[in-house]
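**Student:** Model the structure of this input:
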Amino acid sequence: MTINCEHWKEYDSISGPISYCELSAFGHKLTAQELEKIGCTAEKRKLCGASMELNMGVAATPTPAPAPVVISSSCDSPKAVAAATVGNAEKKAASPFFSLLVLGILAGCYIALAGSLSTVVTNDLASYVGDGLSRLISGLVFSLGLILVVIGGAELFTGNSLMVTGWLEGKIRGRQVARNWTIVFFANFIGSILIAWFFYLSGVWEMNGALVGAKSVLTANGKVGLTWTQALVRGILCNWLVCLAVWLSSASKDGVSKILCIVFPITAFVACGFEHSIANMFFIPTGILLKSQPAVLAAVAPILGTDPAGAVSALANLNWGSFIVKNLIPVTIGNIIGGAIFVGTFYWSVFLKPSWRKPKILVNVAGMLTRLFSH
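**Tutor:** Purely as a prediction, here's the structure:
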């Protein structure tokens, strides 16, 4: 049979000869006028069909148009995250005491375990890669703490600063926020102290010639050596980033994305030396427990440029009173401001606040900060 159709093709393949019509095979959709214009008349199409039936046993049929590809967003919009944060605040406000206690203890443990990892990994790293890279790596490994909290499920005081969105939205009461914060804060403290005690009993601090213990003591001593203003501001900056990590992870729809959204903000706050109240519940008590150990004093003394006796004097300020007054109180206040105001309140005021409501809380906080820093 003579084939007289320029759009009909055939070629040999492994499975044998294949015949097809280019117009059908590649899904070209032409109008009747366009078909006539290129010479693909009704008679010729009939001839092509007959030729294909003879060669293939079936005539080529037009290929259906592919279904439209729907590309879903890999993360929720900021407005959707704001609404979800309000919903989470309602759930947290309604949580029973026992749940908050257990999950709060777990969160304290998770953050402390991340602190342990950070201490072990970086105990002498700066001498090899420099201070900057050592801080960067410290932040990367410390991200484990919030990953465990968010993915594993736990109640972290600093992250719960975002509950302010539920209060601003009128979904929960201020006393419910205060209840959650109080229970979770002290539960976090229990968990952090527990890991600090385990860290001490385990003897992990004796690793690398007690340099791990020395790192713990020097870290703690540096934290209690901050001025009140330094501790407050570093607390603000820290929880600004921590709550952004929580916010971004809430927007993500899969585990890998959530982890990546956590890692970068947490790495930033650790590398910059900002202050996290719950992490300090591990770092400073650990330093207090270890500062009297002879092996640790021997390892600390050369770093401080003195002998073990001089190291004891240099570490005199590292005590429970300094921990509470000079670090934990200002850092906690700073953490609340950084998370509740700079993340929760700001995003709520942009995405959820009704146009008729004035953000009075912003005015009040601005006045408070002005009075605070003017003294």
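**Student:** Distance from the one helix or strand residue 166 maps to to the middle of the chain?
**Tutor:** Here residue 166 sits within helix 164-168, counting by DSSP states H and E. Offset of helix 164-168 from its chain centre (C-alpha atoms, centre = their mean, to the nearest Å): 21 Å.
**Student:** And for stretch 202-212?
**Tutor:** Using C-alpha atoms, centre = their mean, the mean C-alpha position of stretch 202-212 is found 30 Å from that of the whole chain.
**Student:** list the buried ones in it?
**Tutor:** Using 16 or more other C-beta atoms under 10 Å as the test for burial, stretch 202-212 gives 205-206, 210-212. C-beta here means a position set from N, CA and C on the backbone, and glycine is covered the same way.
**Student:** Show me the residues you listed that map onto helices.
**Tutor:** With helices defined by DSSP state H, the entries of the buried residues of stretch 202-212 inside them are 210-212.
**Student:** picking that back up, on contacts alone, who are the packing partners of the helix holding residue 166?
**Tutor:** Packing partners of helix 164-168 (3 or more C-beta pairs under 8 Å, 6 or more residues apart in numbering; DSSP states H and E): helix 78-93, helix 174-202, helix 346-351.
**Student:** re the thing from before, okay, the ones in helices among the buried residues of stretch 202-212 in JSON lines with pLDDT and distance to residue 165 next?
**Tutor:** What follows is those, written out as JSON lines (pLDDT from 0 to 100; distance: C-beta to C-beta, whole Å):
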{"residue": "210", "pLDDT": "97", "distance to residue 165": "46"}
{"residue": "211", "pLDDT": "97", "distance to residue 165": "44"}
{"residue": "212", "pLDDT": "97", "distance to residue 165": "40"}
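**Student:** which among those residues gets closest to residue 349?
**Tutor:** Lowest distance from residue 349 to these (C-beta to C-beta) belongs to residue 212, with 45.1 Å.
**Student:** And the nearest residue to that closest one once chain neighbours are set aside, what's its pLDDT?
**Tutor:** Spatial nearest neighbour of residue 212, chain neighbours left out: residue 123 (4.6 Å); criterion: C-beta to C-beta, 6 or more residues apart in numbering. On the pLDDT scale, residue 123 is placed at 96.
**Student:** One more: residue 215?
**Tutor:** 97.
**Student:** What lies in contact with the helix or strand harbouring it?
**Tutor:** Under the criterion of DSSP H and E, residue 215 resides in helix 207-224. Contact partners of helix 207-224, identified using C-beta atoms under 8 Å, 6 or more residues apart in numbering, comprise 119-120, 122-124, 199, 204-206, 231, 275, 280, 283-288, 290-291, 293, 295-296, 298-300, 303, 314-315, 317-319, 322-323, 326-327.
**Student:** Compile the ones in helices among the buried residues of stretch 202-212 into CSV and extend it with columns for distance to residue 76.
**Tutor:** Below are these laid out as CSV (distance: C-beta to C-beta, whole Å):
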residue, distance to residue 76
210, 48
211, 45
212, 41
